[in-house]
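Visitor: Starting from these lines, generate the structure:
(one chain, ligands or ions: 1)
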Amino acid sequence: MHYKLGLVGYPVTNSLSPWIHEQFLKKAGLTGSYSLLEIEPNESFENELDRIKKNHFDGFNVTVPYKKQIIPFLDDLDDAARMIGAVNTVVQQNGKWIGYNTDSTGFVTSLRREHPSIFQDKQCHILIIGAGGAARGIFYGLAEAGFSQIDIANRTQSAAENIVSTGKQKTETSILSLKEAEAKLNAYDLIIQTTNVGMKPNINEAIISLDRIHNASIVSDIVYQPIETKFLLEASQKGAAVHYGHTMLLYQAQYAFEIWTSKKVPADALKQPLQSILE
Ligand code: ATR
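Guide: Next comes the predicted model:
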């Protein structure tokens, strides 16, 4: 079987997903293609998506700005995608198009791989910064993994309130302003930056100052261009452990690939090569 895969989004020209999935295809001993399926904002999303669906794709990833917008055009959603309200992976099964969210499991798996110690204390204090689609997925994934104390800080606090309803599991959650979070950072064992602040070309920006973190904490940034964001650099300088965004990218891709092909390929081996491409 020749797998026909791709990525729907705009813009997608700089995406690393074609490289990752071509490596996965090789490792799994499968043949296939992964193409960029750009839908420009001035085009009709529905018509363009229809064209893609009729083009015999086995599945595709979905990225910015269509992760929410695609939902009404799918036949079914898995539980996580439904709860999170965002889809990043679509598979065609017997003519039906099913949406999944692998960002959530991708983040939790990469954290488990890189920092297993944090999973020993599910009552540790976690702070998520940001309240967009990525934050929703990460909140859901961590709550499902059993973490019970997850605060959310966002520029717009009302957006953070909507996230709390995402999880099936009960969490103790406070909603904070960015300033409030900054002032009490030493209360957190894990701090996760989920906004695009600090992404190239704005590499001199950081969403908050990490002046008050304690040196036993873990600081995570989902931004991976650059790999070492200003936020993570400050965390390292303060003696904290860091969790890099490109590891999440790899594991969300691993889950997507498994959904399409039923093959689980080892993603760990791609961490170094991916890092070299990004540097
Ligand atoms: P994604 O789906 O990638 O998470 P999103 O849904 O557009 O993207 O969410 C972007 C997040 O980044 C939001 O939490 C947004 O804060 P608001 O809810 O206040 O808009 C946050 N964000 C983006 N730019 C920001 C900035 N310059 N300062 C603070 N927060 C910012």
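Visitor: on contacts alone, who are the packing partners of the top helix by length along the chain?
Guide: Longest helix of the chain, by residue count under DSSP state H: helix 245-261. Secondary structure elements in contact with helix 245-261, counted by 3 or more Cβ pairs under 8 Å, 6 or more residues apart in numbering; DSSP states H and E, are strand 2-9, helix 17-28, strand 59-62, strand 89-93, strand 96-100, helix 102-114, helix 271-278. Any C-beta I mention is one placed from the backbone N, CA and C, and that applies to glycine too.
Visitor: got these as a markdown table, with distance to Leu37 and mean neighbour count columns?
Guide: Shown next, in a markdown table, are those (distance: least, Cβ to Cβ, whole Å; neighbours: other Cβ atoms under 10 Å):
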| stretch | distance to Leu37 | mean neighbour count |
| --- | --- | --- |
| strand 2-9 | 4 | 20 |
| helix 17-28 | 11 | 19 |
| strand 59-62 | 6 | 26 |
| strand 89-93 | 11 | 20 |
| strand 96-100 | 14 | 19 |
| helix 102-114 | 18 | 23 |
| helix 271-278 | 22 | 14 |
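Visitor: These into a markdown table, with extra columns for mean pLDDT?
Guide: Below are the helices and strands packed on helix 245-261 laid out as a markdown table (pLDDT from 0 to 100):
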| stretch | mean pLDDT |
| --- | --- |
| strand 2-9 | 98 |
| helix 17-28 | 98 |
| strand 59-62 | 98 |
| strand 89-93 | 97 |
| strand 96-100 | 98 |
| helix 102-114 | 98 |
| helix 271-278 | 95 |
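Visitor: Which residues of the stretch 101-250 of the chain lie near the ligand?
Guide: Within the stretch 101-250 of the chain, the positions adjacent to the ligand are 130-135, 154-156, 159, 194-197, 207 by Cβ under 6 Å from any ligand atom.
Visitor: List only those of those flagged as buried.
Guide: Neighbour-count burial within those applies to 130-135, 154, 159, 194-197, 207; the criterion is 16 or more other Cβ atoms under 10 Å.
Visitor: Tell me which of the residues you listed fall in helices.
Guide: Here DSSP H is the test, and these give Gly133, Ala134, Ala135, Ala159 as lying in helices.
Visitor: And those residues, which two are furthest apart?
Guide: Farthest apart among these by Cβ to Cβ are Ala134 and Ala159. That separation is 12.4 Å.
Visitor: ok so, going back, tabulate the ones in helices among the buried ones among the residues of the stretch 101-250 of the chain next to the ligand (a markdown table), appending pLDDT.
Guide: Shown next, in a markdown table, are these (pLDDT from 0 to 100):
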| residue | pLDDT |
| --- | --- |
| Gly133 | 91 |
| Ala134 | 94 |
| Ala135 | 96 |
| Ala159 | 92 |
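Visitor: nearest residue to Gln252 other than its sequence neighbours?
Guide: Once flanking residues are discounted, Gln252 sits nearest to Gly106: 2.9 Å by Cβ to Cβ, 6 or more residues apart in numbering.
Visitor: Next: Ala159.
Guide: On the basis of Cβ to Cβ, 6+ apart, the spatially nearest residue to Ala159 that is not a chain neighbour turns out to be Ala131, at 4.0 Å.
Visitor: before we move on, back to that, separation between the residue nearest to Gln252 and Tyr10?
Guide: When distance is defined by Cβ to Cβ, to the nearest Å, Gly106 is 21 Å away from Tyr10.
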